[in-house]
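Participant: pasting a predicted model and its sequence here:
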Amino acid sequence: MNERLKKNLVLQGSILAVAGLISKVIGFIYRIPMANIIGNTGNGLYSVAFGLYNIALTLSSYSMPLAISKLMSARLAKGDKRNAHRLFHDALIFAICTGLIASIALFAGAEKLAAFYKRPGLEIPLRVLAPTVFVVAILGCCRGFFQGQRNMVPTAISQVIEQIVNAIVSVAAASYFVGIAADENAAAYGAMGGTFGTLAGAGTALILFFILFIARQLLIKKKEGGPDLGDMPAEDHKLLVKAVFLTVLPVIISQSIYQLGYTLDDFIYGNLMELKGVDQITATDIQGVFNTQYNQMINLPTAIATAMASATLPSIVASFTRGEHDKVKIKTDSVIKVNMLIAIPSAVGLAVLAEPVMGVLFPRLGDKMDVAVMLLRTGSTAVIFYALSTLSTSILQGCDHMRLPVIHSGISLAIHVAIVAGCLYFTDLGVYALVIGNVSFPLLVCILNCRSILKILDHRIKWMESFIKPLGAALVMGAVTFGAYMLLKGTVGMLIAMAISMILAVAVYVAMLLAFKAVTVAELKRMIRRR
C-alpha cells in the first residue's frame, strides 16, 4: 500500500469518526428537550420501542454498509467494476427484501409486542418505526456503495444531516402530538412524535443519496459517455448474495447480542415488576428514567471512545498485518490511556454532579428526580467499562480475531441476564438491578477482552499509567468539585454553581495529571501525532 493511499484511508476514517461523534452529540442535545416534553412515561415507551426497532434493524440491514463496502472494495481493487456493481445491485435487492419483511413484522406485531412487554401504548410508536426499518435498509446500501469506493464523505455528511433533521422533527412532532392528544394517550403519542424524527431523518438522508447517484451518473456520462465496467466475467447472482449473507452474519450475531441485552432488560423488568405488584405506569415511568436520563448521560462520554476506536482500528490493522507487534503494543497502550484519561474523570464528574446535571437538563422529572440522581451516582462507572469494552473489541478485531468479541459478549450477556433477573426477583432493588446489570455487562466484556489481548500480544497493561494515576487525579478533582458545588449552590443557584464547578473540575484535573506525572509533553505529542 503506497503512502498516498495510506494517508487517504486515515483521512477517510477520521472523517467518518468525526461525523459519528458529531451525530452522537446532536443526538444527546435534542433528547434533552424531547425527554422533558414527553415525560417519564413517554420516555419509557420511546426507549422500549427503540430497543425493538434496533433488533429489527440489526437482523435486517444494520451491517449492510460494512458488507457492501468490504465486498465492493475487494473487487474494485482488482479492477473488477462489473461485479462490484452487480454485487451492489444484488445487495440492494437483498436489503429491500429483508427490510420489508422486518418492517411488516414490526408493524403487524406491534400490539402483541406491547402486551408481551407489559407496555400499553407501545404499539403507537412501533408502527412509525416499522417503515423506518425499510428506509434504513436502502440507506445502508447507499452508504456501503460509496464506502466501497473509499469515499466516506457522503456517509459522513448524510449522518450529520440525518441527525439534524431527526433532532428538529423529533422535538417539534413530540411537542405537537403531546399538545393534541388526550391525557391518557399523551405519553404514547409523544413517543410517536419522537419516532417521526427518526423516519424523517432517514428519509432525508436517502433523498440525499438519490441526488448523489443521479449526479454521479450524469458526471460519468458527460466525461466517459457511460460507465466502463471492464471485461471481467460476471459472477453468479446466487454467489454474490451468498457472499453478502456470509459477510453480514458475524456482525448480525455480534450486534444482536448487544441489542438483545437492552431489550431483554426491558422485558425482564416489565414482567417481574408486574409479578411483584408494581403497576405498569409506575414501572414504565421508572424504566423511562433509566433508559433516557441515565443512559443519555452515560452514552455521551462512551461515544468518544467509539469514535476513537473507529479511528484507531485501521492503524492497528496495518501494523498487525505487517507483523509489527511492538507497534501494535505501543498503539494499544496509547489509545487505552487516552480513553481512560477521558472516561475516568467523566465517570467521577457525573457521580459528584449528578444532582445539578439532572436538575438543570431534566427539570420535568418531578417526583422521579431523586431516583434519576441516585441512578447516575451509582451507575456512572459504566462509562469506564463501556469505553474500555468498545476499545478492546476494536483492538481484537484489528488483530484479526473477529470471533472472540462475539464469544465474550455472549458469555457476558448470559451472566448479565442472570444477575438482573436474580436481583429483580429475589431482592427489592427494583430499577437499581438494571444499573447493576448495566455496569456488570461491559465489565465482564472488558475482563474477557483484555485477557485475550494480553495473551495474543504477549503484553502487560500499564496499570499505573493508564488507570491508577488518572483515577487518583479524578478522585481529587471529584472531591474539590463536589465541595465547590455544595458551597456555591445555596448562594448563586444550581446552574451557575454547576458551571463554576465544571470549570474548576477541568483545571484541577489537568493540574493533578501534571502533579502525578500521568502525562508528559512528549507523550501528548505522540498521542496526537498521526500514525
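Facilitator: Here it is on my side, so go on.
Participant: mind listing what's buried in the helix or strand harbouring K238?
Facilitator: Secondary structure assignment for K238, by DSSP states H and E: helix 237-275. Burial within helix 237-275, assessed by neighbour count using 16 or more other C-beta atoms under 10 Å, is assigned to 240, 243-244, 247-248, 251-273. (C-beta placed from N, C-alpha, C; glycine too.)
Participant: and that helix, what does it pack against?
Facilitator: helix 3-60, helix 64-76, helix 81-108, helix 280-288, helix 403-426, helix 432-457 (3 or more C-beta pairs under 8 Å, 6 or more residues apart in numbering; DSSP states H and E).
Participant: hang on, isn't A354 packed against T378?
Facilitator: No: using C-beta atoms under 8 Å, A354 is not in contact with T378, being 9.1 Å away.
Participant: more neighbours: the two, which one.
Facilitator: Higher neighbour count among A354 and T378: A354, with 21 against 17, using other C-beta atoms under 10 Å.
Participant: skip the chain neighbours and tell me the closest residue to that one.
Facilitator: Distance criterion C-beta to C-beta, 6 or more residues apart in numbering; nearest residue to A354, sequence neighbours excluded, is L376 at 4.0 Å.
Participant: and that neighbour, which of the three is it?
Facilitator: When classified by DSSP: H, G, I helix; E, B strand; the rest coil, L376 comes out as helix.
Participant: which phi and psi values does V431 adopt?
Facilitator: The phi/psi pair for V431 (degrees, to the nearest 10) reads phi -70, psi -20.
Participant: secondary structure element for I207?
Facilitator: When elements are assigned from DSSP H and E, I207 belongs to helix 186-224.
Participant: got the angle between that helix and helix 3-60?
Facilitator: Angle of helix 186-224 versus helix 3-60, following axes from the mean of the first three to the mean of the last three C-alpha atoms, to 10 degrees, is 140 degrees.
Participant: quick revisit: which residues touch the residue nearest to A354?
Facilitator: 293-294, 297, 350-351, 354, 357-358 (C-beta atoms under 8 Å, 6 or more residues apart in numbering).
Participant: OK, contacts around L488?
Facilitator: 496-497, 500-501.
Participant: distance of it from L504?
Facilitator: 10 Å (C-beta to C-beta, to the nearest Å).
Participant: tell me the mean pLDDT for stretch 128-136?
Facilitator: Computed over stretch 128-136, the mean pLDDT rounds to 94.
Participant: could we number from 661 for the rest of this?
Facilitator: Sounds good: first residue 661 from here, last item stretch 788-796.
Participant: next, the buried residues of that stretch.
Facilitator: Buried positions in stretch 788-796, judged by neighbour count with 16+ other C-beta under 10 Å: 788-796.
Participant: any weak-confidence spans in the stretch 761-910 of the chain?
Facilitator: For the stretch 761-910 of the chain, the stretches with pLDDT under 70 are 842, 844, 882-895, 897, 910.
Participant: ok so, going back, out of the buried residues of stretch 788-796, list just those in helices.
Facilitator: 788-796 (DSSP state H).
Participant: of the residues you listed, which is the nearest to S830?
Facilitator: Distances from S830 to those, taken as C-beta to C-beta, are shortest for V788 (11.1 Å).
Participant: can you add neighbour count and pLDDT and give the contacts of L1148 back as CSV?
Facilitator: Output for the contacts of L1148, formatted as CSV (neighbours: other C-beta atoms under 10 Å; pLDDT from 0 to 100):
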residue, neighbour count, pLDDT
I1156, 13, 94
A1157, 21, 94
I1160, 17, 95
S1161, 23, 95
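Participant: including distance to L878 and secondary structure, could those residues go into CSV?
Facilitator: Below are the contacts of L1148 laid out as CSV (distance: C-beta to C-beta, whole Å; DSSP: H, G, I helix; E, B strand; the rest coil):
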residue, distance to L878, secondary structure
I1156, 56, helix
A1157, 58, helix
I1160, 56, helix
S1161, 56, helix
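Participant: nearest spatial neighbour of F688, skipping sequence neighbours?
Facilitator: Nearest to F688 is L960, by C-beta to C-beta, 6+ apart, at 4.8 Å.
Participant: my bad, should have said S1069
Facilitator: Per C-beta to C-beta, 6+ apart, closest to S1069 is I917, 4.4 Å.
Participant: in contact with the residue lying closest to L1025 once chain neighbours are set aside, which residues?
Facilitator: Nearest residue to L1025, sequence neighbours excluded (C-beta to C-beta, 6+ apart): A1032, at 5.4 Å. By C-beta under 8 Å, 6+ apart, the contact list for A1032 reads 949, 953-954, 1018, 1022, 1025.
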